[in-house]
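# Coordinates only, no sequence provided:
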């Protein structure tokens, strides 16, 4: 399946609207050695780095939510809210 990192980032942000709601920036790069996308969520001085396996990214582009990524997003938001 062919798609750009920008398209995948847009898809992630669209699937997880809480990212935009909380003003979280998302950056994404493909790591060829790991065959996975490295995802960084940033809000003020807080950062969370995680990864999405290529297979999961392909499913994400097909509209299937990645449970692992959803849990990471929720935990990042929870941690950020608790530090306010």
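Yep, it's here. Computed from a predicted model, the values in this text were never measured in an experiment.

# Point out where this protein drops to low pLDDT.
1, 84 (pLDDT under 70).

# Output the longest helix belonging to it.
helix 67-82 (DSSP state H).

# For it, buried residues please.
Neighbour-count burial for helix 67-82, counted by 16 or more other Cβ atoms under 10 Å, picks out 69, 72-73, 76-77, 80. (Each C-beta comes from the backbone N, C-alpha and C, glycine too.)

# same deal with stretch 33-48?
So for stretch 33-48, counting by 16+ other Cβ under 10 Å, buried means 36-37, 39, 41, 43, 48.

# need the strands for this protein, in chain order.
Secondary structure of the chain by DSSP state E: the strands cover 25-31, 36-43, 46-53.

# Save the ones you listed as TSV, and put in distance to residue 7 too.
Formatted as TSV, the strands of the chain follow (distance: least, Cβ to Cβ, whole Å):
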stretch	distance to residue 7
strand 25-31	10
strand 36-43	12
strand 46-53	13
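
# Relative to residue 62, which of these is closest?
If you check each of those against residue 62 by Cβ to Cβ, strand 46-53 wins as the nearest, at 13.4 Å.

# contacting residues around that closest one?
Contact with strand 46-53 is made by 31, 34-41, 60, 66, 68-69, 72, 75-76, 79-80, 83, as judged by Cβ atoms under 8 Å, 6 or more residues apart in numbering.

# Which member of the buried residues of helix 67-82 is positioned nearest residue 19?
Once Cβ to Cβ is applied, the member of the buried residues of helix 67-82 that ends up nearest residue 19 is residue 73, at 6.2 Å.

# mind listing what the closest residue to that closest one other than its chain neighbours touches?
In space, and not counting its chain neighbours, residue 73 is closest to residue 16: 5.0 Å by Cβ to Cβ, 6 or more residues apart in numbering. Applying Cβ under 8 Å, 6+ apart to residue 16 gives the contacts 69-70, 73.

# closest to residue 21 among these?
For these, the nearest to residue 21 is residue 73 (10.9 Å; Cβ to Cβ).

# Help me confirm that the closest one comes into contact with residue 18.
Yes - shown here, residue 73 and residue 18 form a contact pair, counting by Cβ atoms under 8 Å, at 6.5 Å.
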